[in-house]
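Q: Requesting a structural model of the entry that follows:
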Amino acid sequence: MTKTPEPRKGMPSPELSESEFRDRYLRAFADPAFERLAVELDKIMTAAWDAYSNARKAPRTRKAGPGYSDPEYDLSTDWLAAKAEIEAAQARHDEQEGPCRILVINCSSRSEHTCPGEMSKSYRLADLSREEMEREGVSVNLLDLSRLASEFGREIHPCKACFSTAAALCHWPCSCYPNYALGQVHDWMNDIYPMWVEAHGVMIITPVNWYQVSSPLKLMMDRLVCADGGNPDPTLTHGKDAKTAKEEELKGWPYPKHLEGRVFSVVVHGDVEGAENVRRSVSDWLRFMDLIPAGVNAELDRYIGYWEPYATSHEALDADRAMQEEVLNAARTLVEAAKARHAGKMLVAGRRLRPARQK
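A: Presented below is the predicted three-dimensional model:
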């Protein structure tokens, strides 16, 4: 077996002094309404400093118990709860007598509830698709990623790229958050993972933002890396022990595909550039995770109000009946494929072949 390399070190420390920590922590209470609570805030800040300085990332734990490599290892109760939700979602997905389930995702951060002052076209297309799918008799869950920008306490924290240290270090579901010591809480992904797991079909609708996917979609994409080869047993790596994780990967990691077999649709819309490339990149990402294209009509890239003023873009969408129908056809195609997949009647040639190589 290849000798396990030592994890590389050498980046500067991000550790704050107590005064720096105090300054940053109290910035959240700039509203004058908090001035009369200065004494109470000082006590809370002192407790927060204690948690930070002692690196209490997961202060509430319990023994892993049966089914884990090390039953005596102390696992975060947050992670265990997230794992239980995923297992329940997988059970719903596997119910042959249950409904066919589709997840529709609005990936624009724009809404009338914050600075833009107007709803997004992505949301309109997502809602149009949801209505059509429900008429087709499937259960639809609409995930609106615009709430990252408009709803209090709704966040997706960035991926830390544990997978690039070693696949086994990336836990399924992600165990990087919440991190109470760093104040990295309110992470939405533990709610989003079960939405993907229970779905038989997934429809992604995104705008083009500067030749790329939207910020909310990219955050979610990165945090779904654990669904493609991630480790479902954190006790195997003693939590986040980098060298142990390297050892496990070099033993011959199986790279489990936790979302394989779901069917997908991708709709990308732009105004002047980039729609085709973004549609390809999102579709390629889903294929790499072993999701299955629903059909040729399910992948779509179009321009709305090409080189026209942004101020009239909704009116341009109103007038583009053909594009609206194309989006509905993508939704209908996804429903047809998801129903067939759910019923075990969808033939996907080559699915049983063993890959010649992994990641």
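Q: where in the protein is pLDDT low?
A: Flagging of the chain using pLDDT under 70 yields the residue ranges 1.
Q: can you list contacts of the top helix by length along it?
A: Looking across the chain with DSSP state H, the single longest helix is helix 321-342. In this structure, residues lying in contact with helix 321-342 by Cβ atoms under 8 Å, 6 or more residues apart in numbering are 96, 100-102, 125, 128-129, 132-133, 136, 138, 200-201, 203, 205, 261-265, 267, 269, 292, 294-300, 302, 304, 317, 346. In this view, the C-beta of every residue, glycine as well, is placed from N, C-alpha and C.
Q: Can you flag which of the residues you listed belong to helices?
A: Counting by DSSP H, the part of these found in helices is 125, 128-129, 132-133, 317.
Q: out of those residues, which are buried?
A: Buried residues within the ones in helices among the contacts of helix 321-342, counting neighbours by 16 or more other Cβ atoms under 10 Å: 125, 128-129, 132-133, 317.
Q: Greatest separation within the residues you listed: which pair is it?
A: The distance between the two most remote of these (Cβ to Cβ) is 19.5 Å, for M133 and L317.
Q: which ones are touching I44?
A: I44 makes contact with no residue, according to Cβ under 8 Å, 6+ apart.
Q: Provide the secondary structure category for it.
A: helix (DSSP: H, G, I helix; E, B strand; the rest coil).
Q: outside of the helix or strand hosting D284, which residues touch it?
A: Secondary structure from DSSP states H and E places D284 in helix 275-288. Contacts of helix 275-288 with the rest of the structure, by Cβ under 8 Å, 6+ apart, involve 202, 204, 206, 208, 211-213, 217, 221, 228, 264, 266-270, 293, 299-303.
Q: Can you give me the buried ones in that helix?
A: Within helix 275-288, judged by 16+ other Cβ under 10 Å, the buried ones are 275, 278-279, 281-283, 285-286.
Q: Among these, find me the one that's closest to N106.
A: Nearest to N106 among the buried residues of helix 275-288, with distances taken as Cβ to Cβ, is V282, at 13.9 Å.
Q: Please report phi then psi for S150.
A: Backbone torsions of S150, given as degrees, to the nearest 10, read phi -120, psi -10.
Q: Wait, it touches G117, no?
A: No: checked against Cβ atoms under 8 Å, the pair S150 and G117 is beyond contact range at 11.4 Å.
Q: neighbour-wise, which of these two wins?
A: Legend: neighbour count by other Cβ atoms under 10 Å for S150 and G117, higher for S150 (16 against 9).
Q: Spit out the contact partners of the more buried one.
A: Contacts of S150 by Cβ under 8 Å, 6+ apart are 111, 113-114.
Q: And for N179?
A: With Cβ under 8 Å, 6+ apart, N179 has these contacts: 57-58, 185.
Q: next one: I205
A: When contacts are counted by Cβ under 8 Å, 6+ apart, I205 is found next to 104-107, 122, 125-126, 129, 267-269, 327.
Q: ok so, going back, and the buried residues of helix 275-288, which two are furthest apart?
A: Greatest spacing in the buried residues of helix 275-288, by Cβ to Cβ: A275 and L286 (16.8 Å).
Q: give me phi/psi at V225?
A: phi -60, psi -30.
Q: Assign a three-state SS to L143, would you?
A: Following three-state DSSP, the label given to L143 is strand.
Q: I figured it hits L103, correct?
A: Yes: between L143 and L103 there is a contact under Cβ under 8 Å: 6.2 Å.
Q: Go ahead and confirm D290 touches H258.
A: No: between D290 and H258 there is no contact, the gap being 9.6 Å when judged by Cβ under 8 Å.
Q: so what's in contact with those two at the same time?
A: The contact sets of D290 and H258 overlap at D228 (Cβ under 8 Å, 6+ apart).
Q: The two - which one has more neighbours?
A: Of the pair D290 and H258, H258 is the one with more neighbours under other Cβ under 10 Å, namely 20 against 15.
Q: Need the three-state assignment for P216.
A: helix.
Q: which non-adjacent residue is nearest it?
A: What sits nearest to P216 in space, not counting adjacent residues and going by Cβ to Cβ, 6 or more residues apart in numbering, is L145, at 3.7 Å.
Q: How about the contacts made by the one you found?
A: Going by Cβ under 8 Å, 6+ apart, L145 touches 105-109, 214, 216-217, 220.
Q: and if you look at S139?
A: Contacts here follow Cβ under 8 Å, 6+ apart; on that basis S139 touches 99-102.
Q: Format these as TSV; extra columns: distance to R357.
A: Formatted as TSV, the contacts of S139 follow (distance: Cβ to Cβ, whole Å):
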residue	distance to R357
P99	37
C100	34
R101	32
I102	32
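Q: Out of these, flag the one nearest to M45.
A: Of all those, M45 sits closest to R101, with 44.6 Å by Cβ to Cβ.
Q: I'd like the distance between that closest one and E151.
A: Separation of R101 from E151 (Cβ to Cβ, to the nearest Å): 24 Å.
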